[in-house]
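Trainee: Below: sequence and its predicted model.
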Amino acid sequence: MKLTARQVDTAKPKEKPYKLADGGELYLLVNPNGSRYWRLKYRIAGKEKLLALGVYPEISLAEARTKRNDARKKLSDGNDPIEEKRAEKAAKIFAVSNSFESIAIEWHDYNVPTGQKDMPKIFWNI
């Protein structure tokens, strides 16, 4: 049975974490501290995996279903959604680390002998 927005809103914490299933392996994990997380359980290459879709209420029920459908599409294409997410994160980190500022700082740290008075001024002019 599919979840309703009201069921998600009124989910009360219990002594132990519990799951509210929406179908299609999507569920809302309700923790004892009151936090609620959207999770998608799936199987790829014979291994069961768990994809974190976000925190409720930042991610609504409709958004969680959309993310579930996107992940299912990736799975049907033979791609692992978790690996794609990791690759995107690594690409963002790589893009930031290759900015002019980061390369200039790295050059400065590597090439500047300690104790030289004019180096801060030279670095600032870069």
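Mentor: Nice, I can see it. Residues are numbered from 1 along each chain as shown.
Trainee: alpha carbons only for contacts and neighbour counts from here, please
Mentor: Will do.
Trainee: count of residues packed around the residue nearest to residue 3 when sequence neighbours are not counted?
Mentor: Setting aside the residues directly before and after it, residue 3 is nearest to residue 22 in space (C-alpha to C-alpha, 6 or more residues apart in numbering), at 5.0 Å. Using other C-alpha atoms under 10 Å as the criterion, residue 22 is surrounded by 16 other residues.
Trainee: how far away is residue 22 from residue 97?
Mentor: As judged by C-alpha to C-alpha, to the nearest Å, residue 22 and residue 97 stand 40 Å apart.
Trainee: Residue 104 too?
Mentor: Per C-alpha to C-alpha, residue 104 is found 11 Å from residue 97.
Trainee: Please apply the same query to residue 2.
Mentor: From residue 2 over to residue 97 the distance is 44 Å, taken as C-alpha to C-alpha.
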